[in-house]
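>>> Would you be able to build a 3D model of this:
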Amino acid sequence: ENSPLPRMTTASDQPHLRSFSGRVDTGWRVSSFTSFSRHDSTHQPHSAELPDRDEPRQAGESPIAAGNEASIFTFPKGAQAGIFMHAIFEKLDFAAPSDKSIRELVVQGLERHNYKLEWEPHITGMVHNVLRAPLSSPDALFTLGALKQGGWSAELEFFFPLRFINSSLLGELFARHGFLSGGIDFTRLAEALQFKPVKGMLMGFMDMVFEEGGRYYLLDWKSNHLGNSIENYGQSAMTQAMQSNLYPLQYLLYTVAINRYLSLRIKNYHYASHFGGVIYVFLRGVSKEQGESRGFFRDLPSEGLIEALTDLLIEEGG
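Numbering: from 1, shown residues only. Have a look, this model is predicted:
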């Protein structure tokens, strides 16, 4: 017995596409340091979902110049280099980093990111410098290569509900505070802010948060190239790089987030006694012999500033 042929569809049977006459609130979106600090026409909203990396405006990689001797200073520049270096420290064991495990991470990273293995001793040496450079705390010196097991978190992602904010409101708050303790001119920072008004959610990725001596530190790895000598990575040069890249805005947003997080996780939490500050590590310029005088930019924003910024940014109940 033959099955009947399916009925032919006529024009009147076609689905009718209804038109949308509502209004989409384009002011509500997920924002980040990236979207606050970039206001050019090439910025896409989905880029807020990615971890912030160094030198993002550099489209390609800058190879070593002809005639220059290979070193950490002449390692290729650009966003790809930042991703490569971040990946090493994301996977590193800061409690017991052996020479073998460090070298394996470096070799794997070089191969994965298509760099020549001849860079291995220079990248490995940079990692050792970072781990062995003595850093100061209120109580004693410490090194990043001797943290307590489980005493750090890498690539810590956060979201919090964001009040209505525009560049004028944020700039006015910064202008009232003059200078950060790290030597950052808030007036210049305020003048550089130009982003569309927004509310919704603020998100970000903290490279690392670690605990040392009962205090919690916010750390960010920077692969930025400031010059071909250790002397190019002193406090003045790093402050200029921080200022020009709006990194203080980044660490202020992140400090608001980690301060809120710690206040919810630690009994009797107090910013002044529990938060140790911000550490930006300019990886190419670290020397274990010179300690934090080269390659380490540090700041401890005032509690009043963080409270004011929290009130301005975080939606009630967030």
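
>>> Quick one: residues in contact with stretch 158-170.
27, 30-31, 36, 190, 193-204, 206, 254, 256-258, 260-261, 312-315, 317-318 (Cβ atoms under 8 Å, 6 or more residues apart in numbering). In this view, the C-beta of every residue, glycine as well, is placed from N, C-alpha and C.

>>> Selecting buried members of those in ChimeraX, what would you type?
Of those, the buried ones can be selected in ChimeraX as follows, counting by 16 or more other Cβ atoms under 10 Å:
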select :30,31,36,190,193,195,198,199,200,201,202,203,204,206,254,256,257,258,260,261,313,314
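
>>> Just the ones of the contacts of stretch 158-170 in strands?
The strands, defined by DSSP state E, take in 30-31, 198-204, 206 from these.

>>> Which two of those have the greatest separation?
Lys199 and Met206 (22.5 Å; Cβ to Cβ).

>>> Okay, strands next: where are they in the stretch 201-318 of the chain?
215-222, 275-282, 296-299 (DSSP state E, counting those that start in this stretch).

>>> just to revisit the earlier point, output the ones in strands among the contacts of stretch 158-170 in CSV; the columns should cover distance to Asn245 and pLDDT.
Converted to CSV, the ones in strands among the contacts of stretch 158-170 look like this (distance: Cβ to Cβ, whole Å; pLDDT from 0 to 100):
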residue, distance to Asn245, pLDDT
Val30, 22, 85
Ser31, 18, 82
Val198, 21, 85
Lys199, 26, 89
Gly200, 25, 90
Met201, 24, 91
Leu202, 19, 91
Met203, 19, 91
Gly204, 15, 93
Met206, 17, 96
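
>>> could you give the angle of the top helix by length along the chain to strand 198-212?
Looking across the chain with DSSP state H, the single longest helix is helix 247-265. Angle, helix 247-265 to strand 198-212, by axes from the mean of the first three to the mean of the last three Cα atoms, to 10 degrees: 70 degrees.

>>> pLDDT of helix 247-265, averaged?
Mean pLDDT, helix 247-265: 95.

>>> Just the CA coordinates for it, please, in PDB.
The C-alpha trace of helix 247-265 is given here as PDB (Å, rounded to 0.1, in the frame of the first residue of the first chain):
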ATOM      1  CA  TYR A 247      46.800  50.100  35.200                       C
ATOM      2  CA  PRO A 248      45.900  52.000  38.400                       C
ATOM      3  CA  LEU A 249      42.300  51.900  37.300                       C
ATOM      4  CA  GLN A 250      42.600  48.100  36.900                       C
ATOM      5  CA  TYR A 251      44.000  47.500  40.400                       C
ATOM      6  CA  LEU A 252      41.500  49.800  42.000                       C
ATOM      7  CA  LEU A 253      38.600  47.900  40.500                       C
ATOM      8  CA  TYR A 254      40.300  44.600  41.500                       C
ATOM      9  CA  THR A 255      40.900  45.900  45.000                       C
ATOM     10  CA  VAL A 256      37.200  46.700  45.400                       C
ATOM     11  CA  ALA A 257      36.400  43.200  44.300                       C
ATOM     12  CA  ILE A 258      39.000  41.400  46.500                       C
ATOM     13  CA  ASN A 259      38.100  43.600  49.500                       C
ATOM     14  CA  ARG A 260      34.400  42.600  49.100                       C
ATOM     15  CA  TYR A 261      35.300  39.000  48.700                       C
ATOM     16  CA  LEU A 262      37.600  38.800  51.800                       C
ATOM     17  CA  SER A 263      35.000  40.700  53.900                       C
ATOM     18  CA  LEU A 264      32.600  37.900  53.200                       C
ATOM     19  CA  ARG A 265      35.100  35.000  53.800                       C
END
